[in-house]
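[1] predicted model, plus sequence, below.
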Number of protein chains: 2
Amino acid sequence: MKKDYLLTPGPTPVPPEALLSMAMPIIHHRTPEFMEIFKEVSEGLKYIFQTEADVLVFTSSGTGAMEAAVSNLLSPADKVITIEGGKFGERWTEICRAYKINAVPIEVKWGTAVDPKDIELKLKGDNEIQAVFTTLCETSTGVQTDIKAIADITKRYNAVLVVDAISGLGAVDIKADEWGVDCVVAGSQKGLMIPPGLAFVSLSKKAWEKVEKSKFPRYYFDFKATKKALEKTDTPFTPAISLVIALRTTLRMMRQEGLDVIFTRHKKLAGATRAAMKAMGLELFAPTAPSDCVTAVKVPSSLDGEKLVKLMRDKYGVAIAGGQAEMKGKIFRIAHMGFIKETDILTAINILGMALNEMGYSCETALGVKASIEELSKK
Amino acid sequence: MKKDYLLTPGPTPVPPEALLSMAMPIIHHRTPEFMEIFKEVSEGLKYIFQTEADVLVFTSSGTGAMEAAVSNLLSPADKVITIEGGKFGERWTEICRAYKINAVPIEVKWGTAVDPKDIELKLKGDNEIQAVFTTLCETSTGVQTDIKAIADITKRYNAVLVVDAISGLGAVDIKADEWGVDCVVAGSQKGLMIPPGLAFVSLSKKAWEKVEKSKFPRYYFDFKATKKALEKTDTPFTPAISLVIALRTTLRMMRQEGLDVIFTRHKKLAGATRAAMKAMGLELFAPTAPSDCVTAVKVPSSLDGEKLVKLMRDKYGVAIAGGQAEMKGKIFRIAHMGFIKETDILTAINILGMALNEMGYSCETALGVKASIEELSKK
C-alpha cells in the first residue's frame, strides 16, 4: 500500500485542488480565459510578496530567477557582497562568478545567521558595492536570516538588497515594500504549494534603476521585456500554463487563510518540531536562528543520517531530507512549509522516533509527541 | 456547456493519461522513484530525437533552450547565419543580437522555405561562420524547412547546424544523428503532447567542441553542468517534476505508436487539411513547402481573420490560431500536431465552414469534408 507523506523543503505537498486543476484539459495562453487567470495570479502574487510592484513570472526553477537577478541588475566586474553559510548562499557567489562579477563573500558558519553589522561594515567602507545577495531561509542549514535588519542597512547605501526567498516566501514574513527589499526571488514548489517550474521576481524602484544600467546579454530572463508583456497581462514566451492554473488555486487558498494566519501556523509547526527534537534528546543544527520553514537536526553520531532518511522513506513512506554538501549524512531536515498541518508534523515525529529506535538509537518518541502537542496547544 | 477543441500550434492537446499523471501527489526529485522516471524519459527522448547522444532537459519554455544554444555554442562577436522568414526564424537573430553576435540573416519571403543553396553560398565564402540557425516548422507561416538538405551542406563546413524543432519534433521526421543536425532544440507543448514548461537540447560531437570554446556567462542553462548531472540521472536544479512525469506517459504512447506511424499520421492529417481548404475555395499561405504540423491559410480578403478565430473559439469552442506579427488578421492556422486525429481535423473543417458562412463568405463545407475524407481514406 502506497500512502506517502512529503516533509521535504521543496517540493512540498500540493493540495489536491491544485493537483486536479492541472488535470483539466490544457487551454491556450493567448485567450481571454487564460488572461483572466494570469491577472488573478499576478494580483495574488503582489499580496504574497507584500508589494505594489509587478511580480515577474518566469517558467524555470528558482535558480533561473536567481541568475536573472544577477544578469539584469549588474554589469561585468561589478562588486557585490554575497552572504554564504549554506549551499544556497554559496549559489549566489557561484552565479556572480560565472558572470565575472567581483563577488566578495561574507562567510558565515553553517547553522548560524549572518550578523547584519558585518554587512554594514563592508558597505560603509566601499560605496562601489552594487548589491548584497542573501537568503531568507537557508534550506541547507535550516537558518532564517533577519532580512528586515539587513534591509534597514542596505537602504542607506547604493547597494540593492537581493533576497533568495525561494524557501520562505508565503511561509514566513518578508515585506518587500515596507522593509525595502529591492529584489525578492521566489519559486513555486515551497510556500506557494504547487509543483516546481515557475519562478518569480519582485523589484523596487532602486532595483529598476540598476536594471536600466545593466550590461549583460540576456533574452529569456529579460526583466524589461517581461514587465512590458505583464503590462498587457501576458508573458513574452509560452508560460507553464498548467502551473499558472495550479497557482491560481493555491493563491486563492492563501488569500482565504490570510498571510498572518499562515505565518503563525508555520511558527507553531516549527516550534512544535523543535520542541519534539529536544524532548527526544536530539540537537538542533541551527538553534540560534532557526527557520520556520525547515528544522535541521544533528544526526546522533552513532548513526548514518542517509540511512535514517532512507528507512523513514522506504519503510514508512515519510520523506524528510538528509544533509546537503558538507552536511551530507550529518543532519536531517524536517520541512514544515506550505500545505502542512499538525497531523503531518506529528506523523514525522512518530516515524522518526520509530526509525531511530530501529537503528539502535534509544529515544522516547512519546516525549517528542508530548512536547510538540504542548507547543501546538499554545494560544 | 463547455466542450472545447484545441487545434493551436502549441500548446497542443494533452492526452488524459498525461493530465491525470500530473494530478497524482507530487514526489521528491532526488529519490529512486523519480530517478527511474527520469531515466525512462531520457531514453525516450533519445528515441524521439533519433540520437545516441544525451538529450539535455531544461525547465523553461522552448525559447530558453534556444537562448541556451546561442550562449553555450558561441562567443562574443562570432559570425553566424540565421534563416528568417517567420517570427521564430527572426527570434534566432534577436537572441544572437542580444548576445552581440554578428548574425547575418538570410531573409526568406514569408510563406516560402529557404533554398539550401543560399546557405551554401554564404558558407563557401566565409569559413569564419560558426553556426547556421534555422527552424524545422516555422509556426508563424506554416512552412517546413528541408533540414536534411541543409545538414548535408553544413557538415562540410566549420559551422554547426542549430535547428529550432520546438514545432515539429515528434510530429515530422528529423534525424539528429543520421542527418548530422548538430543541435536540436525542442519544447514540451507541441509534438510531445504535454503542457509547456520543459525544453530539450541534443548536441553532436561537433557541437560539444564549440561548447568547449564558448565564452558567454551562463549558469542555469549551462550545457556542461546539465550533462554532468544527467550522467547521474539527475538535473542540476529542481526540475518541473509533474511535467517530467507527464512526459513519461506521452513518451510511452509515442514509443508504442512508433515514430514512422506518427509521422505518417501527421502527413495524412496535414494532407486532409490542405485538401479541404482548397476544396472550400481557400488559398494556402505556404503551398510550396507546407508543414505537416500546422496549415496556414489566407483569410479571404473580405473578412477579418481575428474575428473568424474568435467566432470559432467563442461560439463553437474550436480553437485555431490567427496570424502573428505582420500576418495578424491575414492568415489563420489549423494545427494538426500531437494528440490529434481525423475527428479533430473534421471538426475543425466543419466549424470553419460554418463560421465562414456566418461571416458572409460563401463556401461549401461539404466539399471540404469530402476532400479531406478522400485524403484520410488513402492507404
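    Right, received. Where do you want to start?

[2] quick one, what contacts the residue lying closest to A:Val108 once chain neighbours are set aside?
    The shortest distance from A:Val108 to any non-neighbouring residue, by CB to CB, 6 or more residues apart in numbering or on different chains, is to A:Gly85 (3.1 Å). Just so you know, the C-beta spots here come from the backbone N, C-alpha and C atoms, and that holds for glycine as well. Residues counted as contacts of A:Gly85 (CB atoms under 8 Å, 6 or more residues apart in numbering or on different chains) are A:107-110, A:112-114, A:138, A:141, A:143.

[3] buried among these? Make that a PyMOL selection.
    In PyMOL, a selection of the buried entries from the contacts of A:Gly85 looks like this (16 or more other CB atoms under 10 Å in any protein chain shown):
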select buried, chain A and resi 108+110+112+113+114+138+141+143
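
[4] in helices, which of the contacts of A:Gly85 fall?
    Among those, no residue falls in helices (DSSP state H).

[5] the strands in the stretch 251-379 of chain A, which residues?
    For the stretch 251-379 of chain A, applying DSSP state E, counting those that start in this stretch gives strands covering A:294-298, A:318-319, A:321-322, A:331-335.

[6] can you lay out those strands as a markdown table showing mean neighbour count, mean pLDDT and distance to chain B?
    A markdown table is the format used below for these (neighbours: other CB atoms under 10 Å in any protein chain shown; pLDDT from 0 to 100; distance: least, CB to the nearest CB, whole Å):
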| stretch | mean neighbour count | mean pLDDT | distance to chain B |
| --- | --- | --- | --- |
| strand A:294-298 | 27 | 98 | 14 |
| strand A:318-319 | 23 | 98 | 6 |
| strand A:321-322 | 22 | 98 | 8 |
| strand A:331-335 | 27 | 98 | 10 |
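
[7] of all these, which lies closest to A:Glu306?
    When the strands of the stretch 251-379 of chain A are compared for distance to A:Glu306 using CB to CB, the nearest one is strand A:321-322, at 5.4 Å.

[8] give me the contacts around that closest one.
    A:8-9, A:294, A:305-306, A:308-309, A:328-329, A:331-335.

[9] list the strands paired with it, with their directions.
    strand A:331-335 (antiparallel) (DSSP bridges).

[10] show residues contacting the partner strand.
    By CB under 8 Å, 6+ apart, strand A:331-335 touches A:7-10, A:12, A:139, A:141-142, A:273, A:285, A:293-299, A:305, A:308-309, A:320-323, A:345, A:348, A:352.

[11] per-domain residue ranges of chain A.
    A:5-10+A:258-377, A:16-256 (automatic domain parsing).

[12] so which of those domains is the most packed in?
    domain A:16-256 (a mean of 22; mean count of other CB atoms under 10 Å in any protein chain shown).

[13] start to end distance for that one?
    16 Å (CA to CA, to the nearest Å).

[14] report the distance from that domain to the chain centre.
    Relative to its parent chain, domain A:16-256 has a centroid offset of 10 Å by CA atoms, centre = their mean, to the nearest Å.

[15] let me know the average pLDDT across it.
    Averaging pLDDT along domain A:16-256 yields 98.

[16] is any residue of stretch A:347-361 near chain B?
    No - interface with chain B: stretch A:347-361 contributes nothing (CB under 8 Å from any CB of the partner chain), its closest point being 14.3 Å away.

[17] put the alpha carbons of that stretch into PDB.
    Output of stretch A:347-361 as PDB, limited to C-alpha atoms (Å, rounded to 0.1, in the frame of the first residue of the first chain):
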ATOM      1  CA  THR A 347       3.500  11.800  11.800                       C
ATOM      2  CA  ALA A 348       7.100  12.900  11.100                       C
ATOM      3  CA  ILE A 349       7.900  12.800  14.900                       C
ATOM      4  CA  ASN A 350       6.300   9.400  15.400                       C
ATOM      5  CA  ILE A 351       8.100   7.800  12.400                       C
ATOM      6  CA  LEU A 352      11.400   9.500  13.200                       C
ATOM      7  CA  GLY A 353      11.200   8.100  16.700                       C
ATOM      8  CA  MET A 354      10.400   4.600  15.500                       C
ATOM      9  CA  ALA A 355      13.200   4.700  12.900                       C
ATOM     10  CA  LEU A 356      15.700   6.000  15.400                       C
ATOM     11  CA  ASN A 357      14.900   3.200  17.800                       C
ATOM     12  CA  GLU A 358      15.000   0.600  15.000                       C
ATOM     13  CA  MET A 359      18.500   1.900  14.100                       C
ATOM     14  CA  GLY A 360      19.600   1.300  17.700                       C
ATOM     15  CA  TYR A 361      19.400   4.800  19.000                       C
END
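
[18] coming back round to it: out of the domains of chain A, which is closest to B:Pro76?
    Nearest to B:Pro76, of those and by CB to CB, is domain A:16-256 at 8.2 Å.

[19] got the contact list for the residue most central in space within chain A?
    Note on chain A: the residue nearest the mean C-alpha position is A:Ser167, at 0.8 Å, using CA atoms, centre = their mean. By CB under 8 Å, 6+ apart, the residues touching A:Ser167 are A:9-10, A:88, A:135-139, A:190-191, A:291, A:293-294, A:337.

[20] which stretches in chain A count as helices?
    In chain A, the helices defined using DSSP H lie at A:16-22, A:32-49, A:62-73, A:87-98, A:116-125, A:147-154, A:176-179, A:205-213, A:223-230, A:241-257, A:259-279, A:305-316, A:342-358, A:365-377.
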